[in-house]
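> Structure for this input, please:
(4 chains)
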Number of protein chains: 2
Amino acid sequence: MELHRRKSKQRERIYEAIRASRSHPTAQEVYGALKAGMPSLSLGNVYRNIAILLEEGRLQAGEFGSGTVRYDAVTAGHYHFVCERCGAVSDLDMPAVEAITAAARRLSPHRVSGHTVRFYGTCAGCLGAEKAKSKQRR
Amino acid sequence: MELHRRKSKQRERIYEAIRASRSHPTAQEVYGALKAGMPSLSLGNVYRNIAILLEEGRLQAGEFGSGTVRYDAVTAGHYHFVCERCGAVSDLDMPAVEAITAAARRLSPHRVSGHTVRFYGTCAGCLGAEKAKSKQRR
DNA sequence: TTACTTGCAAAGATTTTGCATCTGT
DNA sequence: ACAGATGCAAAATCTTTGCAAGTAA
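Residues are numbered from 1 along each chain as shown, chains lettered A, B, ... in the order given. A predicted model of the protein is given here:
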């Protein structure tokens, strides 16, 4: 009745795909990326393995306004930037400010164990596209 | 072809329900809360009106780990606390730190317009329940 | 062998939409 | 009257599950 986890090619490929990606992929994107090299792979199994990887703490999940969950191979507590125009999610090269958690502990009746920060705006790519468009308009 | 928005009893009730609630309700919760006093109300219409209210900037949306979207009548930039045990979402009485946005602007190639902070941990209610349980165990 | 894994397909859950009808203005 | 709003039910998405067959240990 114990749970001895076996090594599984599918699970490792799924983990690798997420770790290698810079884009915080969704389950469907992971599936799409692996399907070519692993035709037997099923979407249900991607979801199942992601659940296991989350449980093991090898992944982190988040929803960033698209309505679907995105995954991230945890590196450390890092902050995210979400483009309000195209929905892209990127990591921010910014040290986590532990003082924020400390401040919340002082102010809140709850047991605060940590925090995340999410920045909003327009990503560099969309800014470029916008500029090109306004130039065209003249 | 213009869009003249009409006043609608449903929409105002939906907005009021969300504004009055402290719990960041989901669409289904709003529907459940209003159904009694408005039997003809449909869930689809709740979703439609929430979309309009979001567009008008009267509401804010967020997903907090439950897999369903929660809504909030925007007051100002405020931070949230999410209980990892029961999923409850509450507001934190903590002034938004604008310096964080400024720091991100300096470090990021994107146009950063703002940020949100989310704290994680165990809420006071769950802490109490936990304590009661461990006492019982002795 | 044992019991964890997988693929497949069906089921769940949440959210969106088409359409005929109703209603503010 | 006209264009927006509503209810209802069907559809679209995303995610989870049951089951029989495959597979690591």
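
> So which bits of chain A are right by DNA strand D?
By Cβ under 7 Å from any atom of the strand, the residues of chain A that approach DNA strand D are A:6-9, A:26-28, A:43-44, A:47-48, A:51, A:67-69. Placement of C-beta: from N, CA and C, glycine included.

> go with 10 Å
A:4-10, A:26-31, A:40, A:42-48, A:50-51, A:54, A:61, A:63, A:66-71 (Cβ under 10 Å from any atom of the strand).

> among those, which ones are buried?
A:10, A:26-27, A:29-31, A:46-47, A:50, A:61, A:63, A:69-71 (16 or more other Cβ atoms under 10 Å in any protein chain shown).

> which residues sit in contact with the closest residue to A:Asp93 other than its chain neighbours?
In this structure, A:Asp93 finds its nearest non-sequential neighbour in B:Leu107, 6.0 Å apart by Cβ to Cβ, 6 or more residues apart in numbering or on different chains. Counting by Cβ atoms under 8 Å, 6 or more residues apart in numbering or on different chains, B:Leu107 touches A:92-94.

> pLDDT wise, what is A:Glu16 at?
You'll see A:Glu16 listed with a pLDDT of 98.

> What strand or helix carries it?
Secondary structure from DSSP states H and E places A:Glu16 in helix A:9-20.

> Check the offset of that helix from the chain's centre.
Chain-centre distance of helix A:9-20: 14 Å, with Cα atoms, centre = their mean, to the nearest Å.

> Same question for stretch A:6-21.
15 Å.

> What about contact with DNA strand C: does that stretch have any residue there?
Yes. Using Cβ under 10 Å from any atom of the strand, stretch A:6-21 comes into contact with DNA strand C via A:6-14.

> Helices of chain A, start to end?
Ranges of helices in chain A, per DSSP state H, are A:9-20, A:27-35, A:43-55, A:98-107, A:124-137.
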